[in-house]
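> Quick one: sequence and predicted model below, then my questions.
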Amino acid sequence: MKKILLTIALLSLSQFGFSCDEACKRTKAEAANNVKFASYLNAKYCKSTGLDFLLQGRKSLQAYREKQLPTAHRGGAKNIRLFIMQRKDWLQECDNYLQLTEQGRIFRDKDSTDKIISAMTGTAAELEKIMKRPKVEMENLELVTAPAAQKFDDLFKLVDAHYLELQRRGLL
């Protein structure tokens, strides 16, 4: 009888030995990859960062695309480029954290994450071209902004597709 009780007690206690919460995953990832994560990084923060980009960041970019991009103003292009690069850095930091702690990806899977990050890079590169273009007295702004407008549209398609997928899966 004592052996049965001891076996039951060991089995119930062993459950705690096999489970690994986020702090445990973080510690293991830091040790295994010889990195030190920022104290603010956790799965909840990363999820909110990703959702914020899908909702608020996309709105800000759309407003710029519609109202400011057609003017090809260098200062506006610089500001929105910095906005995109900052969000990209945040998203990549979270994606790295989630990957190393084995909690998934910032945009659900590798393919979606890579495509969205790549689209952000491409959009920022086109904005940089607008910023650094030579000054010309008379120029066709539509021709100047067309490549950047296309990059914005490509980014919006990817973000919208990911957003719809999250909605279909009931994750939003």
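Sure thing, it's come through. Numbering: from 1, shown residues only.

> C-alpha only now, for contacts and for neighbours.
Will do.

> helix or strand right after the helix or strand of the chain with the lowest mean pLDDT?
When each helix and strand of the chain is scored by mean pLDDT, DSSP states H and E, helix 2-18 comes last, with a mean of 54. Counting by DSSP states H and E, the next helix or strand C-terminal to helix 2-18 is helix 22-33.

> ok, residues contacting that next one?
For helix 22-33, contacts defined as C-alpha atoms under 8 Å, 6 or more residues apart in numbering pick out 35, 36, 37, 42, 43, 100, 101, 102.

> From those residues, keep the buried residues only.
Among the contacts of helix 22-33, those that count as buried by neighbour count (16 or more other C-alpha atoms under 10 Å) are 37, 42, 43, 100, 101.

> element containing residue 98, please.
Using DSSP H and E, residue 98 falls within helix 74-100.

> Could you quantify the relative orientation of the helix or strand residue 162 falls within and helix 74-100 as an angle?
Using DSSP H and E, the secondary-structure element containing residue 162 is helix 141-168. Going by axes from the mean of the first three to the mean of the last three C-alpha atoms, to 10 degrees, helix 141-168 is angled at 30 degrees with respect to helix 74-100.

> Helix 141-168 - contacts with which helices or strands?
Packing contacts for helix 141-168, counted by 3 or more C-alpha pairs under 8 Å, 6 or more residues apart in numbering; DSSP states H and E, involve helix 58-63, helix 110-132.

> Now that helix: average pLDDT?
The average of the pLDDT scores along helix 141-168 is 95.

> okay, which residue is most central for the chain?
residue 91 (3.1 Å; C-alpha atoms, centre = their mean).

> Now do the helix holding residue 98: which elements does it pack against?
For helix 74-100, the packing partners by 3+ C-alpha pairs under 8 Å, 6+ apart are helix 43-52, helix 110-132.

> Now the longest one: buried residues?
Residues of helix 110-132 classed as buried by neighbour count (16+ other C-alpha under 10 Å): 112-113, 115-117, 119-131.

> mind checking how far residue 131 is from residue 40?
Counting by C-alpha to C-alpha, to the nearest Å, the gap from residue 131 to residue 40 is 34 Å.
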